[in-house]
Structures are given as C-alpha cells and as structure tokens.
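J.: sequence below, structure please.
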Amino acid sequence: MPVLRSTFIALSKNRLLRRFCEHSRIGRRMSSRFVAGMEIGDALRVADALNRQGMAVTLDSLGESVSSEAEAHRAADIYHQLLDLIAAHKLNANISVKLTQMGLELSPELAQKIAQSLAEHAGTTGNFVRIDMEDSSLTQVTLGIVCRLHKRPDLRGAIGIVIQSYLYRSQADIEQLLADGIRVRLCKGAYKEPADVAFPSKADVDKNFIRLSKMLLESPVYQALATHDDAMIAAIKRFAGQHGIERSRFEFQMLYGVRRELQRNLVREGYNVRVYVPFGREWYPYFMRRLAERPANVLFLARNFFRS
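T.: Below you'll find the model as predicted:
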C-alpha cells in the first residue's frame, strides 16, 4: 500500500491530469463521492442534510496555493459568504481554511491578516475558524499565525488548528497548544513527508494518534479527533469511558462520503460527529489525497463508477 499511497500523492501534483479531471464530466462524476459540489449552494444543501441526521459540519472551499494577493482575497470572500450564510440558515457548521489559499506562500503577513479577518467575522456570528495543516514545511509558520491570533482576547475560542499524528514534533506542539487553550483537530496526515520528519510506519502513526488523542481528551478544551479507523475509535471510546470523560467534551470528525454508516452509528450512540464537507471547482488535489489516504476508496469508486 505505501507504493499506491505515494503514487496518488504524486498524481495530486500533476498539472495536466488535474486540468483534465477538473474540466471533464468523468472527473466531476468521480469526485462527487467525496466533494459536495462545485458551488456554495451545493455545500449548504449537504450541510443541511447532515444537520438533519444529527451531525455537525465543517465547510471547506477547495483550493490551495494562490498566485496573487487578489486571488487570496477572492478565496477569503467565499469564506466570508459562508459565515454569513451559515448564520442566516442557522446551520450547525463552521469553516476550515488553508493558509496557502489565503496567500501564505506569497506573504505570511498577508495570510495572517486574512485569517484574522475571518476569525473576527466568525466571532461576531458566534462561529469558529479551523486553520488546516498542510505539509511539514508550513507547520511552524501555521502554528505561529494561529497562536498569535488566539492571544487576542476577542479571538479566543474563534480560531483553532489541525495537528497531524505522523509528525515527530506533534506531541510537543499539542503540549503548547493545550497550555494556550487552543482547540485542535487531530488527524493522521495526508502528505508525503521525509523519514526524518514523520513516522514512516503506519503502526507508529497509529500509536502516536492514540497517545495524542488521550492528551486532548484530558484537556478541558473541546477537541476534535479525526479518524475513520475502527481501532482508533474503539481506543478513544475506551479511554473516555475509563476516565469519566463525557461525550459532550469532544467530537469525532470524518470526511464527507467516507464510512457514512459509521458516522450514523456514532450519532446513535450519543457521540458528537462533525463531517468535513469540501466543495468547489479546484477539487483534484483533495480528491487524490483521499485516494492516497485510504486505498479502499479506490476499490469503492471502481465498483460504483458505472452504476446509475
């Protein structure tokens, strides 16, 4: 499976294949399992349907590195629209944002300014902005931006971050984030990283995920554990039960289109579940990383592609 994972991660950076897939009917059809649609309205309809099933949502307008400040502001405008529409429709939803989409690779100051405006907007509407984590070359600058913004009294509780359990540094990062009272989404990680930065073995990544999950569960801050892995979920449930940690103190997060029945079962058991709902025309890198992350998704698509 490591070869298959590496292949899909490499394909996620192929510009010619990306251009073809994002503009072809076949490509859009394949992506529909994991992407809510191309437009804001598509995402809102999916969010409403998930809310009716008892699940919260985080909305992600797909897109990554931008090439100009104007492009970064256009990407941010979509999120400002989302915050207003979430409030208007009374949806149980927040937003997830990638800083490269906000101009991080052009200027960290630009990305921080845009993230600040989104967090301020979220604060005025009673909402929350999750800053997504990207590859390890951006980990420190992303942490720095989130920590600086969270220190502002008016933004405390309005901004959080993602930590990836495959990075060696993640335990130290979580210790600092917990000391600062910052909300974390813990995931395993979906980028190809060198062995001197990340655990190369899945077993070690899983062990670290459980270790870090326990740290987060013991925190008084509401935290999010993002996994579809039955063993990880069982370990989290067991630890919470043994330590008297109420189900209202944390949430499971899962991806749109992945293990839907598991999501529904967790809701029936009384756990908080939030579904990560991506949308937009720049879906190809996200889609390929989902295939890399869980090769079973490839078989699922192959079996279902020709069904009506």
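
J.: which residues sit against whatever helix or strand V162 lives in?
T.: If you go by DSSP states H and E, V162 is part of strand 159-164. Defining contact as Cβ atoms under 8 Å, 6 or more residues apart in numbering, one finds that strand 159-164 is touched by 115, 119, 122, 128-133, 142-143, 146, 149-150, 170, 173-174, 177, 182-189, 198, 212, 226. Where you see a C-beta, it was placed from the backbone N, CA and C, and this is true even at glycine.

J.: okay, strands next: where are they in the stretch 101-250 of the chain?
T.: Assigned by DSSP state E, counting those that start in this stretch, the strands in the stretch 101-250 of the chain fall at 129-131, 159-164, 184-187, 223-226, 250-255.

J.: most packed of those?
T.: strand 129-131 (a mean of 25; mean count of other Cβ atoms under 10 Å).

J.: what residues are up against the nearest residue to L118 once chain neighbours are set aside?
T.: Nearest residue to L118 in three dimensions, chain neighbours excluded: V129, at 5.1 Å (Cβ to Cβ, 6 or more residues apart in numbering). With contacts defined as Cβ under 8 Å, 6+ apart, V129 is in contact with Y79, N94, I95, S96, V97, A115, L118, A119, A122, A158, I159, G160.

J.: wait, what's in contact with R74?
T.: Contacts for R74 (Cβ under 8 Å, 6+ apart) come out as none.

J.: helix/strand/coil for it?
T.: The three-state label given to R74 by DSSP: H, G, I helix; E, B strand; the rest coil is helix.

J.: against H150, how distant is it?
T.: From R74 across to H150, the span is 26 Å (Cβ to Cβ, to the nearest Å).

J.: distance check, the residue nearest to L118 against K192.
T.: In terms of Cβ to Cβ, V129 sits 27 Å off from K192.

J.: circling back: as a markdown table, the strands of the stretch 101-250 of the chain with distance to P108 and mean pLDDT would be great.
T.: Output for the strands of the stretch 101-250 of the chain, formatted as a markdown table (distance: least, Cβ to Cβ, whole Å; pLDDT from 0 to 100):
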| stretch | distance to P108 | mean pLDDT |
| --- | --- | --- |
| strand 129-131 | 13 | 98 |
| strand 159-164 | 15 | 98 |
| strand 184-187 | 21 | 98 |
| strand 223-226 | 25 | 98 |
| strand 250-255 | 27 | 96 |
